[in-house]
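Enquirer: Next come a sequence and a model predicted from it.
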Amino acid sequence: MEVLKRRAFSLWPPFYRSRAAFFTTKDYSAVASTQTLCSRTESQNREAFRQAVVNTLERRLFYIPSFKIYGGVAGLYDYGPPGCAVKANVLAFWRQHFVLEENMLEVDCPCVTPGIVLEASGHVDKFTDLMVKDEKTGTCHRADHLLKDFCKDKLEKDPGLSAEKVAELRHVLAVLDDFSADELGAKIKEYGITAPDTKNTLSDPYPFNLMFQTSIGPSGSSPGYMRPETAQGIFVNFKDLYYYNGNKLPFAAAQIGQAFRNEISPRQGLLRVREFTLAEIEHFVDPEDKSFAKFSDVSDLELYMFPREDQMAEQPARRISIGEAVSQGIVNNETLGYFIGRVYMFLTQLGIDKDRLRFRQHLENEMAHYSVDCWDAEIESSYGWIECVGIADRSAYDLHAHTGKSRVPLVAFEKYQQPREVEKLVIVPVKKELGLAFKGNHKMVVEALEAMGNKEAMEMKASLEAKGEAEFHVCRLNEVVTIKSNMLSISTEKKKEHQRVFTPSVIEPSFGIGRIIYCLYEHSFYTRPSKDGDEQVNVFRFPPLVAPIKCTVFPLVQNQQYEEVAKQIAKSLTAFGISYKIDVTGTSIGKRYARTDELGVPFAVTVDSSSSVTVRERDSKKQIRVNVDEVAPVVKQLTDGVRTWTDVLSRFPTHSS
């Protein structure tokens, strides 16, 4: 449970006050009752706030359901003009903040991916969610979502729940991601969960692969998939990128592109869709040295972190510096810590509220078996805490997997100044015995054995000598198999080496751009009274960095002279590369301000003379008077962050409307 300090949106304050109160009570039956009441109030407030945001976004064409005139398709959305502009600005800043500042190598790989690539990565076998079907209509539902919704609904809306039942439902929510198909099916039956719309009984859960399948070429003999992530394109190009980088580590490659997941039951607007934009970084590093040269740039940053130990102990997230988190071993290494810090800077500069942003460490049951450490940047929205960025140390799994499948070594080299005499392990699988034992899977077992590290191989050697067999995890099978002494020979030999050959580890920050943008919409939205006080005006407080339009130009009245001045200002804004909009509708200046405030435009220029004009700032509504030929340079400085509004208030005379 979280008690992070938050900005109180106008629709939410009752929830925060009541929530803080029940944390200190000792009467646990009262806790359950009060909690249900608070949850209900929270749910109502959040839904009302969300509806206000979504209505504004759709009305102003930030985004709309795709193929709307045909009834739309769940999980597909179109970005309208302001939405496209916000997205382009977010991606431009992402490139500046990461690709340019960190000197990354950017690539652009195809969306259609051959099946063999995704077999190697494990997506063909393992990229699944558990699905259930309405036994009468055949409608499909995601099993874990139904169970999660049931538990949340009971906790929020059932005032008669006992403290024991509250604890049980909370436990189910905590371990839900670790349920097998059988366990999930048992819970659905135990709670009597039925199809949401028809109330019909549901089938047992079964896995459904989320990738869109296609074929490459007219014969259909070459299977392919629409990529579920952009990362694999970077991994398969490692050898060429390493060469391009002068055969030097560390280095990072980055990619922005579309990804596709055939979600079973898309929901929550832009948060869970079937086609979306990912921005991913693969930072390749020596597994024996994960220090980072620029770590001191972020080590003093304090942010909310939620380590797994605190989650298990039901403690709140806590503020801690990146440097402390790494030195205390909370974050595994400097490179991972550095990217957590850079992600924090990126999100807060976009306009995400730093008090509603946390970095949550994956629990043991969430971690992939090959991951060293993994953190999610989670942003609080009306839907709760939303994972928007994943920052993971994936060890050397991906390069090992593609090396094994392609037989092309994806490795790096460290040259020694003087030759070194080293003791090398020689691993020789006995393919005949392995073939008899593992049949069609023997190739994957052989590849996994040959790719073993020294430590793992020596442990296996000791086990084979002591017991005649050893347990061995095969990544691509995701199974533990038994290796017997007649299947494998492990020995050592001394030899001189002039270089060290190794497979690099990968630190991967992966950004869900649509999720970040939606959370930005919510964090930027507020309402305020109109000038007359007779209605509420919607406002998006976008920073100039991401605002879809930087400036509007209004002739105060419909007047030929003023309109000529407006055109002159527009021409100079274009020359300075500033996006703008001219409004000569003749409606009242207050209504025109309100229209652009609702689009999040930070500055408005009002032409009320031929020599000077006023420049208004959106949030403070304060105005300054500026000469016509100075308008574009002033707005450029403001939108680029060279000057603040406080700076220009001190340089130019203020204007009272």
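Expert: Everything's here; your move.
Enquirer: which parts of the helix or strand harbouring Glu456 are buried?
Expert: Taking DSSP states H and E as the criterion, Glu456 maps to helix 454-467. By 16 or more other Cβ atoms under 10 Å, the buried positions in helix 454-467 come out as 457, 460-461, 463-464. C-beta: built from backbone N, CA, C; applies to glycine.
Enquirer: Start and end of stretch 516-536, how far apart?
Expert: 26 Å (Cα to Cα, to the nearest Å).
Enquirer: which outside residues touch that stretch?
Expert: Residues from elsewhere that reach stretch 516-536 (Cβ atoms under 8 Å, 6 or more residues apart in numbering): 9-10, 49-50, 52-53, 56-57, 62, 83, 86-87, 90, 269-271, 347, 350-353, 356, 379, 381-382, 386, 388-389, 537-542, 546, 590, 594, 600.
Enquirer: could you flag which of the residues you listed are buried?
Expert: 9, 49-50, 52-53, 56-57, 62, 83, 86-87, 90, 269-271, 347, 350-353, 356, 379, 381-382, 386, 388-389, 537-540, 542, 546, 594, 600.
Enquirer: by contact count, what packs against the helix or strand hosting Ala570?
Expert: Using DSSP H and E, Ala570 sits within helix 560-575. When contacts are defined as 3 or more Cβ pairs under 8 Å, 6 or more residues apart in numbering; DSSP states H and E, helix 560-575 packs onto strand 551-555, strand 580-582, strand 603-607, helix 631-640.
Enquirer: mean confidence for that helix?
Expert: For helix 560-575, mean pLDDT rounds to 93.
Enquirer: when you compare where it runs with where strand 603-607 runs, what's the angle?
Expert: Per axes from the mean of the first three to the mean of the last three Cα atoms, to 10 degrees, the angle that helix 560-575 makes with strand 603-607 is 150 degrees.
Enquirer: In helix 560-575, which residues are buried?
Expert: So for helix 560-575, counting by 16+ other Cβ under 10 Å, buried means 562-563, 565-566, 568-570, 572-573.
Enquirer: of those residues, closest to Pro287?
Expert: Proximity of the buried residues of helix 560-575 to Pro287 (Cβ to Cβ) peaks at Leu573, which lies at 51.2 Å.
Enquirer: Tell me where the model's unsure across the stretch 101-250 of the chain.
Expert: Residues of the stretch 101-250 of the chain meeting the criterion pLDDT under 70: none.
Enquirer: likewise the chain?
Expert: In the chain, residues with pLDDT under 70: 1-40, 657.
Enquirer: Longest strand in it, please.
Expert: Across the chain, the longest stretch assigned as strand under DSSP state E is strand 412-429.
Enquirer: Kindly spell out which helices and strands sit in contact with that strand.
Expert: helix 442-450, helix 454-467, strand 488-502.
Enquirer: So in that sheet, which strands flank it, and in what orientation?
Expert: For strand 412-429, the pairing partners within the sheet under DSSP bridges are strand 488-502 (antiparallel).
Enquirer: With adjacent residues omitted, what lies nearest to Asp640?
Expert: Pro544 (7.9 Å; Cβ to Cβ, 6 or more residues apart in numbering).
Enquirer: got a list of what the one you found touches?
Expert: 550, 602-603, 638-641.
Enquirer: do Thr403 as well
Expert: Thr403 makes contacts with 409-411, 451, 503, as judged by Cβ under 8 Å, 6+ apart.
Enquirer: How about the secondary structure of it?
Expert: With DSSP: H, G, I helix; E, B strand; the rest coil as the basis, Thr403 sits in helix.
Enquirer: Which element is encountered next along the chain beyond the host helix or strand of Ala470?
Expert: Assigned by DSSP H and E, Ala470 belongs to strand 469-474. The first helix or strand that comes after strand 469-474 along the chain, using DSSP H and E, is strand 479-484.
Enquirer: Contacts for that next one next, please.
Expert: 433, 437-438, 445, 449, 460, 464, 468-474.
Enquirer: where exactly do the strands run in the stretch 251-400 of the chain?
Expert: 251-260, 275-285, 302-306, 318-321, 357-361, 373-381, 384-393 (DSSP state E, counting those that start in this stretch).
Enquirer: what angle sits between the fifth one and strand 302-306?
Expert: Between the direction of strand 357-361 and that of strand 302-306, the angle (the same axes, to 10 degrees) works out to 40 degrees.
Enquirer: Return the list of helices and strands in contact with strand 357-361.
Expert: Using 3+ Cβ pairs under 8 Å, 6+ apart: strand 357-361 touches strand 302-306, helix 308-312, helix 334-350, strand 373-381, strand 384-393.
Enquirer: How far off centre is the second one?
Expert: The one in question is helix 308-312. 21 Å (Cα atoms, centre = their mean, to the nearest Å).
Enquirer: which other helices and strands contact that helix?
Expert: In terms of contacts (3+ Cβ pairs under 8 Å, 6+ apart), helix 308-312 is packed against strand 357-361.
Enquirer: taking the contacts of stretch 516-536 one by one, which sit in helices?
Expert: Counted as lying in helices by DSSP state H, out of the contacts of stretch 516-536, are 49-50, 52-53, 56-57, 83, 86-87, 90, 347, 350, 590, 594.
Enquirer: follow-up on the earlier one: I'd like the strands of the stretch 251-400 of the chain as a markdown table, with distance to Asp177 appended.
Expert: Rendered in a markdown table, the data for the strands of the stretch 251-400 of the chain read as follows (distance: least, Cβ to Cβ, whole Å):
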| stretch | distance to Asp177 |
| --- | --- |
| strand 251-260 | 21 |
| strand 275-285 | 21 |
| strand 302-306 | 16 |
| strand 318-321 | 23 |
| strand 357-361 | 13 |
| strand 373-381 | 12 |
| strand 384-393 | 12 |
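Enquirer: Of all these, which one is nearest Gly512?
Expert: Each of these has some distance to Gly512 by Cβ to Cβ; the shortest is strand 384-393, at 5.5 Å.
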